[in-house]
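Chemist: here is the input, now give the coordinates:
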Amino acid sequence: MTSFKISPPVLWLFGLGLISGLASSMAPDAAEHIKLFDVPIYPGPLFGAVIAFGIYRWGKASWWAAALALVITVLAWIAAMRGFHALTDNGARYIYLGGIMAGAIGAAGTMLGGAITVPALRRLPDWLLTIGVGALAGLLVGPEVQMPNDKSFLLLFVIWQAAVAASIGHALTRR
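Modeler: Residues are numbered from 1 along each chain as shown. This is a model prediction of the structure:
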């Protein structure tokens, strides 16, 4: 078993994931009204751009492969949110189970977006690591949903996006 290597893709994608997570949590209220399939869309393209950059830069893929990764990451965000709301009755119950499921769905979908065109992202151990990281970070939805006044999801977005991006960066370094 190889250890987790701190390499430029890991550092860059971690840092960009922090920035996209912060931007996702600070979106103006008007952004909440821009929806696709009944899901506010703004975090998807922000995080998708981070993944697209990684796919293009370290996956050595074309711009269209990066664009495909962005689109699939947006769809993964929508699927994760729809799954969370279906399981939890809009956050009313089973919050932690919903967070695990949504985190795993989002991470798997994001990984899929890159794996379609980048062979380095097709290794099972990397998939398991990324999905596990996403599921674990998805647990942070519990405290966020239960906070009465703060609906920014700062903790969830920042940690989840940074961790999943870093995991994908790690996968991109394994050749």
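
Chemist: CA atoms for contacts and neighbours, from now on please.
Modeler: Fine.

Chemist: any weak-confidence spans in this structure?
Modeler: The chain contains residues with pLDDT under 70 at 1-5, 91, 146-151, 175.

Chemist: which residues in the protein form helices?
Modeler: 8-25, 43-57, 63-88, 95-115, 124-138, 141-146, 154-173 (DSSP state H).

Chemist: what packs against the third one?
Modeler: Translated: helix 63-88. strand 39-40, helix 43-57, helix 95-115 (3 or more CA pairs under 8 Å, 6 or more residues apart in numbering; DSSP states H and E).

Chemist: distance of the closest residue to residue 39 other than its chain neighbours from residue 107?
Modeler: Distances taken as CA to CA, 6 or more residues apart in numbering put residue 78 closest to residue 39, at 6.2 Å, once the chain neighbours are dropped. According to CA to CA, to the nearest Å, residue 78 stands 12 Å off from residue 107.

Chemist: same check on residue 101?
Modeler: 10 Å.

Chemist: what sits in contact with each of these two?
Modeler: Counting by CA atoms under 8 Å, 6 or more residues apart in numbering, the common neighbours of residue 101 and residue 107 are residue 135.

Chemist: these two: which is more packed in?
Modeler: Counted by other CA atoms under 10 Å, residue 101 and residue 107 do not tie: residue 107 has more neighbours, with 33 against 23.

Chemist: what residues are up against that one?
Modeler: Residues near residue 107 by CA under 8 Å, 6+ apart: 76, 130, 131, 133, 134, 135, 164.

Chemist: count the residues that sit near the second one.
Modeler: Neighbour count for residue 130, taken as other CA under 10 Å: 27.
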